[in-house]
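*Asks:* need coordinates for the below:
(one chain, ligands or ions: 2)
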Amino acid sequence: MYILGIESSCDETAASVSENGTKIISSVISSQVDEHKKYGGVVPEIASRRHCENILGVTKAALEQAELTMSDIDAVAVTYAPGLIGALLVGVNFAKGLCMASGKPLVPVHHIAGHIAANYIVHEDLKPPYLCLVASGGHSHIVEVLDYTRFRVAGRTRDDAAGECFDKCARAMGFPYPGGVHIDKAACSGDSEKYILPHPKVTGSEFDFSFSGLKTFVINLLHNSAQKGIEINKNDLSAGIQKTISEILCEKTISAARKLGYNTIAVAGGVSANSGVRSAFEKACAQNNMKLYLPARELCGDNGAMIACQGFFNYLAGHRGDESLNAAATLSLEEI
Ligand code: KG4
Ligand code: ZN
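*Replies:* Ligands and ions are numbered 1, 2, ... in the order given. This next block holds a predicted model:
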């Protein structure tokens, strides 16, 4: 069956057609990054307006690339939560209109479930149950994937997400938005031992993260050095930040897997494109005899293919939206 997936939760307008979930027939992404770069981050009002302008063209292009029309599509899947509310509303209302006009079923998809599904696209052998770290610009969650549509959140960030920490440290170093990828590049020629950065102590829930202390430490280090006229080596600092974030993500996820009894780990979300994060997980999983699944780099960030893929599983599980479907800026994975 063919699913059309639509994504507009942040600054990418994306549409994709999948066949039986995991086979991607087409995928079109219109990124607004160049525009938001001028402001050093996503401006929600601008994001909503650009989604409005682009969503029809992106969807048409996805259908054209797939050489299909709406009459060939079996269901329309759309991201309805979590994300920027104005941005989500564009996708939700567009998908509702499309379903009303075509008579096709509407399938709501949780954005984090979409990121998790990106791994099914390249890894045919990956099947629940397993433990998934989802690290993106807005989320850092350790998720028990109980089956394709049921999740339990074992840990989450108390403050900043890992991607947000990458981006804010990058911004303080003068890199353009989104800075994660610039830290990744700079870290390649840096010495990760040059700057010793703090690992957070999180009390209470043992699998929760905290990244705001690391961010503040880096910002203070840069300010103090500037005041004293001490030059900071950006490559070395980038390598230190990348190593610290990778260690924090990896240690918590491996320890959650041990404690909760999982031997299979997946990583998903924009931060899973980071080379330090990928190699830290490869090393740790090999040492702990755990099977690791990483998404293809082009499927780490926001895209329509992961929504079409998760939409397929949601469709099979009977999830449907109707004309009253609304978007939600926040919604736990456990509530869907
Ligand atoms: O999943 P995503 O595209 O959007 C959200 O759902 O938030 O994740 C975007 C985040 C940004 O913070 C971006 O800087 C980060 O993923 N990111 C990276 C890399 N590529 C994207 N962070 C570190 N290294 C990368 N190579
Ligand atoms: Zn995302």
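*Asks:* quick one: end-to-end length of stretch 204-215, please.
*Replies:* Taking Cα to Cα, to the nearest Å, the span from the opening residue of stretch 204-215 to its closing residue is 21 Å.
*Asks:* next one: that stretch to chain centre, how far?
*Replies:* Centroid separation between stretch 204-215 and its chain, computed with Cα atoms, centre = their mean, to the nearest Å, is 18 Å.
*Asks:* shouldn't Ala280 be in contact with Ile245?
*Replies:* No. The pair Ala280 and Ile245 does not pass the contact test of Cβ atoms under 8 Å, sitting 9.2 Å apart. (Glycine included, C-beta is placed from N, CA and C.)
*Asks:* which of these two has more neighbours?
*Replies:* A direct count of neighbours by other Cβ atoms under 10 Å for Ala280 and Ile245 places Ile245 higher, at 28 against 23.
*Asks:* in this model Glu164 seems to touch the more buried one, though I could be wrong.
*Replies:* No. With the criterion set as Cβ under 8 Å, Ile245 and Glu164 do not qualify as a contacting pair; they are 10.8 Å apart.
*Asks:* helices of the chain, start to end?
*Replies:* If DSSP state H is used as the criterion, the helices of the chain fall at 33-37, 44-66, 85-102, 111-122, 162-172, 180-187, 212-228, 234-260, 275-287, 304-316.
*Asks:* nearest to ligand 2, out of these?
*Replies:* Across the helices of the chain, ligand 2 has its closest neighbour in helix 111-122 (5.6 Å, Cβ to the ion).
*Asks:* packing partners of that closest one?
*Replies:* Other helices and strands packing on helix 111-122, by 3 or more Cβ pairs under 8 Å, 6 or more residues apart in numbering; DSSP states H and E, are strand 2-7, strand 75-81, strand 130-135, strand 140-147, strand 264-268, helix 304-316.
*Asks:* just the angle between the first one and helix 111-122, please?
*Replies:* For the pair strand 2-7 and helix 111-122, the angle between their directions (axes from the mean of the first three to the mean of the last three Cα atoms, to 10 degrees) equals 130 degrees.
*Asks:* now strand 2-7: mean pLDDT?
*Replies:* When the per-residue pLDDT values of strand 2-7 are averaged, the result is 98.
*Asks:* also the third one?
*Replies:* Averaged over strand 130-135, pLDDT sits at 98.
*Asks:* could you export that strand as PDB, CA atoms only?
*Replies:* Taking Å, rounded to 0.1, in the frame of the first residue of the first chain, the C-alpha atoms of strand 130-135 are listed here in PDB:
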ATOM      1  CA  TYR A 130      14.400  -2.500  21.400                       C
ATOM      2  CA  LEU A 131      15.700   0.600  23.100                       C
ATOM      3  CA  CYS A 132      16.000   3.800  21.000                       C
ATOM      4  CA  LEU A 133      17.800   7.000  21.800                       C
ATOM      5  CA  VAL A 134      16.100   9.900  20.000                       C
ATOM      6  CA  ALA A 135      18.300  13.000  20.000                       C
END
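*Asks:* between Ile245 and Glu164, which contacts overlap?
*Replies:* Phe211 (Cβ atoms under 8 Å, 6 or more residues apart in numbering).
*Asks:* what residue lies at the spatial centre of the chain?
*Replies:* Nearest to the geometric centre of the chain sits Gly269, at 2.8 Å (Cα atoms, centre = their mean).
*Asks:* not counting residues beside it along the chain, what's closest to that one?
*Replies:* Excluding its sequence neighbours, the residue lying closest to Gly269 (Cβ to Cβ, 6 or more residues apart in numbering) is Ser136, at 3.5 Å.
*Asks:* now swap in His115 and tell me
*Replies:* Nearest non-adjacent residue to His115, counting by Cβ to Cβ, 6+ apart: Ala268, 4.2 Å away.
*Asks:* the one you found contacts Val134, doesn't it?
*Replies:* Yes. A contact is recorded between Ala268 and Val134 when judged using Cβ under 8 Å, the distance being 5.0 Å.
*Asks:* touching both of the two, which residues are there?
*Replies:* Taking Cβ under 8 Å, 6+ apart as the contact definition, Ala268 and Val134 share the neighbouring residues 115-116.
*Asks:* near whatever residue of the stretch 201-336 of the chain ends up closest to ligand 2, how many other residues are there?
*Replies:* Distance from ligand 2 to each residue of the stretch 201-336 of the chain (Cβ to the ion) is smallest for Asp302, at 4.4 Å. Close neighbours of Asp302, defined as other Cβ under 10 Å, add up to 27.
*Asks:* how much space between the closest residue to it other than its chain neighbours and ligand 2?
*Replies:* Sequence neighbours aside, Glu12 is the residue nearest to Asp302 in space, at 4.3 Å (criterion: Cβ to Cβ, 6+ apart). In this structure, Glu12 and ligand 2 are separated by 8 Å, where distance is defined by Cβ to the ion, to the nearest Å.
*Asks:* and Glu12, how far is that from ligand 1?
*Replies:* With distances taken as Cβ to the nearest ligand atom, to the nearest Å, Glu12 is found 7 Å from ligand 1.
*Asks:* so who does that residue touch?
*Replies:* Applying Cβ under 8 Å, 6+ apart, the residues contacting Glu12 are 29-32, 301-303.
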